[in-house]
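In: based on what follows, work out the 3D shape:
(one chain, ligands or ions: 1)
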Amino acid sequence: MSALDMNNLQNSFQQALNVSPGAVSTSPTQSFMNTIPKRLENFNSNQKALKPFSTGDIKILLLENVNQTAIDIFKNQGYQVDFYKSSLPEAELAEKIKDVHAIGIRSKTQLTEKILQQAKNLVVVGCFCIGTNQVDLAAAARLGIAVFNSPFSNSRSVAELVIAEIIILARQVGDRSIELHTGTWNKVSAKCWEVRGKTLGIIGYGHIGAQLSVLAESMGLHVIYYDIVTIMSLGTAKQVSTLDELLNNSDFVTLHVPETPETKNILSAPQFAAMKHGAYVINASRGTVVDIPALIQAMKVGKVAGAALDVYPQEPAKNGSGAFSNELNKWTSELVSLPNVLLTPHIGGSTEEAQSSIGIEVSTALSKYINEGNSTGSVNFPEVSLRALKLDQENTVRVLYIHKNVPGVLKTVNNILSDHNIEKQFSDSNGEIAYLMADISSVNQDDIKLIYDQLNETTEKIRIRLLY
Ligand SMILES: NC(=O)c1ccc[n+]([C@@H]2O[C@H](COP(=O)([O-])OP(=O)(O)OC[C@H]3O[C@@H](n4cnc5c(N)ncnc54)[C@H](O)[C@@H]3O)[C@@H](O)[C@H]2O)c1
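Out: All right, here's what the predicted structure looks like:
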């Protein structure tokens, strides 16, 4: 290509990127982003905005470049937001966490018991990701700190990646691309297939499996699925009753199960043997669910014609050259040397849209917990909610009482509250802790102070918040 051609190509590429003012962008990301102000508006309904009694203004510490959608939602609530692009060194974190009411993190910040004990005002932690193993959940519960995450915001992103991989595997696009990158022209059609009319077998028909089912059918694939629970099928997909039935009949087998003792090596030598000759395997769930040495053997004998893996038993802690090696997983060099193997670094859920959705989902859950005490969806707490108070319910206080789960506490608490009009009350427990929520009407500031002081003296109390 001449220098002029190259220049023209670069210019037209640049023009395509620069949407001129007034032009309508057709980018899916842009259209998603455009919906966000509307979604934020919807979040502010007509319900009464409750204020915390005695905790002052709500301060939120956001670390690890949590998505802008979360910052917008918190600021919209009137909270004070302290935002950092990275995680903080332990000593700085211990200092900063002392006076905040909520903290938002991703996977790098370790919230150990030692750190959480410094956090005297902390009521809630938001993990703006799927995993929560960076937080000592039991210690947080013991200290009365609820933890939320976002388990399903990236389901669509994973399903879309799997759709792409189905076609790429069937057409050996990965190999052709690698060859051409290194100067080899290899125009072949042997053992390259269309996907329409083929059968996709989905193991685990949850959030991701079900989304995938719909997308796959729209491309003309037949869908069958295996799940340990009976789940209503979408479209014309069919649930099969055994894993073997799925393996015997699928051209593509894709896994969407959680990591459990039962799913460890759910695909191993006997399962590869049960597959159709020349089937393809896709795993974007958890690294432990496929027995990789057995997969390598199945590929070597042609039983499996291609595989796409996004997750691995051991994954590097950080990005970088040389991170994916035999030292990490001893079969690495054997796996990478096989034809038609697509390897991606756990990016199934990594899209701008998923990050935005995570920002909205987690910040909304945190705001609901801070403002209303609603703990629905918490990963370490009893799930308790009461319907919101109406704007005209003026002299009402909402009591949030987190306590040790031991006999007799409710009697003590109800003795305190029974001097007043309890409009509604709900309580639940989870292991060592319990959570009571009650709306008390016809109270004045002196009553609120009295209720707070009396509850504060109860020996089983972990944390009290009063909202009015
Ligand atoms: N690659 C990524 O970036 C990425 C992103 C998000 C989620 N994930 C992983 O994808 C997996 C699925 O996520 P999801 O949101 O769809 O989960 P989900 O909980 O909605 O669905 C999982 C399904 O698996 C079924 N299941 C459980 N044990 C089973 C078994 N032994 N045999 C058959 N079915 C079984 C469950 O009944 C459920 O229907 C999880 O492991 C999750 O960690 C990966």
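In: since we're on the closest residue to I228 other than its chain neighbours, how many residues are nearby?
Out: Distances taken as CB to CB, 6 or more residues apart in numbering place E262 nearest to I228, at 7.7 Å, with adjacent residues excluded. The way it works is simple: take the backbone N, C-alpha and C, and place the C-beta from them, glycine included. Using other CB atoms under 10 Å, E262 has 10 neighbouring residues.
In: what secondary structure does E262 sit in?
Out: The three-state label given to E262 by DSSP: H, G, I helix; E, B strand; the rest coil is coil.
In: look at whichever residue of the stretch 201-350 of the chain sits closest to the ligand and say how many residues are nearby.
Out: Nearest residue of the stretch 201-350 of the chain to the ligand, counting by CB to the nearest ligand atom: G206, 1.7 Å away. The number of residues packed near G206 is 18, by other CB under 10 Å.
In: which parts of the stretch 101-250 of the chain sit against the ligand?
Out: Residues of the stretch 101-250 of the chain lying close to the ligand by CB under 6 Å from any ligand atom are 130, 152, 154-155, 158, 203-209, 226-229.
In: from those residues, list the buried ones, please.
Out: In those, burial by neighbour count holds for 152, 154-155, 158, 203-209, 226-227, counting by 16 or more other CB atoms under 10 Å.
In: now the phi/psi pair for the residue nearest to I228, please.
Out: Main-chain dihedrals, E262, degrees, to the nearest 10: phi -70, psi -30.
In: report the separation between it and I166.
Out: E262 sits 26 Å away from I166, taking CB to CB, to the nearest Å as the criterion.
In: compute the first-to-last residue distance for stretch 94-103.
Out: Terminal residues of stretch 94-103 lie 12 Å apart, using CA to CA, to the nearest Å.
In: quick check: buried residues in it?
Out: Buried-residue list, stretch 94-103, by 16+ other CB under 10 Å: A94, K96, I97, V100, H101, A102, I103.
In: and which of those is nearest to the ligand?
Out: Nearest to the ligand among the buried residues of stretch 94-103: I103, at 23.0 Å, using CB to the nearest ligand atom.
In: any idea how far L88 is from that closest one?
Out: I103 sits 10 Å away from L88 when distances are taken as CB to CB.
In: shared neighbours of these two, which are they?
Out: Listed as contacting both I103 and L88 by CB atoms under 8 Å, 6 or more residues apart in numbering are L63, T109.
In: rounded mean pLDDT for stretch 455-463, please.
Out: Per-residue pLDDT values over stretch 455-463 give a mean of 94.
In: now do the end-to-end distance for that stretch.
Out: Stretch 455-463: ends 9 Å apart by CA to CA.
In: how far does stretch 436-451 sit from its chain's centre?
Out: Using CA atoms, centre = their mean, to the nearest Å, the mean C-alpha position of stretch 436-451 is found 37 Å from that of the whole chain.
In: can you check stretch 424-435 too?
Out: Distance, stretch centre to chain centre, for stretch 424-435: 25 Å (CA atoms, centre = their mean).
In: also stretch 410-426?
Out: For stretch 410-426, the distance to the chain centre is 37 Å (CA atoms, centre = their mean).
In: enumerate the residues of the stretch 351-468 of the chain near the ligand.
Out: So the stretch 351-468 of the chain never meets the ligand (CB under 6 Å from any ligand atom).
In: show me what the longest helix seen in the chain is packed up against.
Out: Determined from DSSP state H, the single longest helix within the chain is helix 352-372. Here helix 352-372 touches helix 28-34, helix 36-43, helix 68-76, strand 102-105, strand 124-127, strand 146-148, helix 155-170, going by 3 or more CB pairs under 8 Å, 6 or more residues apart in numbering; DSSP states H and E.
In: list the buried ones in it?
Out: Buried residues in helix 352-372 (16+ other CB under 10 Å): 353-372.
In: mind checking the SS state of the nearest residue to T109 once chain neighbours are set aside?
Out: Spatially, and ignoring its direct neighbours in sequence, T109 is nearest to S87 (4.6 Å; CB to CB, 6+ apart). Three-state call for S87 (three-state DSSP): coil.
In: tell me the contacts of S87?
Out: Contacts of S87 by CB under 8 Å, 6+ apart are L63, E64, L93, I105, K108, T109.
In: and the nearest residue to the fourth one once chain neighbours are set aside, how far from P151?
Out: In space, and not counting its chain neighbours, I105 is closest to L63: 5.1 Å by CB to CB, 6+ apart. L63 sits at a distance of 20 Å from P151 (criterion: CB to CB).
In: ok but A308 is inside a strand, no?
Out: Yes - the assignment for A308 is a strand, going by three-state DSSP.
In: domain ranges for this protein, per the record?
Out: Domain assignment for the chain, taken from automatic domain parsing, gives 3-152+351-372, 155-343, 397-467.
In: ok, of the ones you listed, where does mean pLDDT dip lowest?
Out: Looking at the domains of the chain, the lowest mean pLDDT belongs to domain 3-152+351-372 (a mean of 78).
In: returning to that earlier point: restricting to C-alpha, output the longest helix of the chain in PDB.
Out: Taking Å, rounded to 0.1, in the frame of the first residue of the first chain, the C-alpha atoms of helix 352-372 are listed here in PDB:
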ATOM      1  CA  GLU A 352     -18.100  -0.600  28.900                       C
ATOM      2  CA  GLU A 353     -21.800  -1.400  29.100                       C
ATOM      3  CA  ALA A 354     -21.300  -4.000  31.800                       C
ATOM      4  CA  GLN A 355     -19.200  -1.500  33.900                       C
ATOM      5  CA  SER A 356     -22.000   1.100  33.500                       C
ATOM      6  CA  SER A 357     -24.600  -1.400  34.600                       C
ATOM      7  CA  ILE A 358     -22.500  -2.500  37.500                       C
ATOM      8  CA  GLY A 359     -22.100   1.200  38.500                       C
ATOM      9  CA  ILE A 360     -25.800   1.700  38.400                       C
ATOM     10  CA  GLU A 361     -26.800  -1.600  40.100                       C
ATOM     11  CA  VAL A 362     -24.300  -1.300  43.100                       C
ATOM     12  CA  SER A 363     -24.800   2.400  43.700                       C
ATOM     13  CA  THR A 364     -28.500   2.000  43.700                       C
ATOM     14  CA  ALA A 365     -28.300  -0.900  46.100                       C
ATOM     15  CA  LEU A 366     -26.000   1.200  48.400                       C
ATOM     16  CA  SER A 367     -28.300   4.200  48.200                       C
ATOM     17  CA  LYS A 368     -31.300   2.100  49.100                       C
ATOM     18  CA  TYR A 369     -29.500   0.600  52.000                       C
ATOM     19  CA  ILE A 370     -28.300   4.000  53.300                       C
ATOM     20  CA  ASN A 371     -31.600   5.900  52.700                       C
ATOM     21  CA  GLU A 372     -34.100   3.200  53.500                       C
END
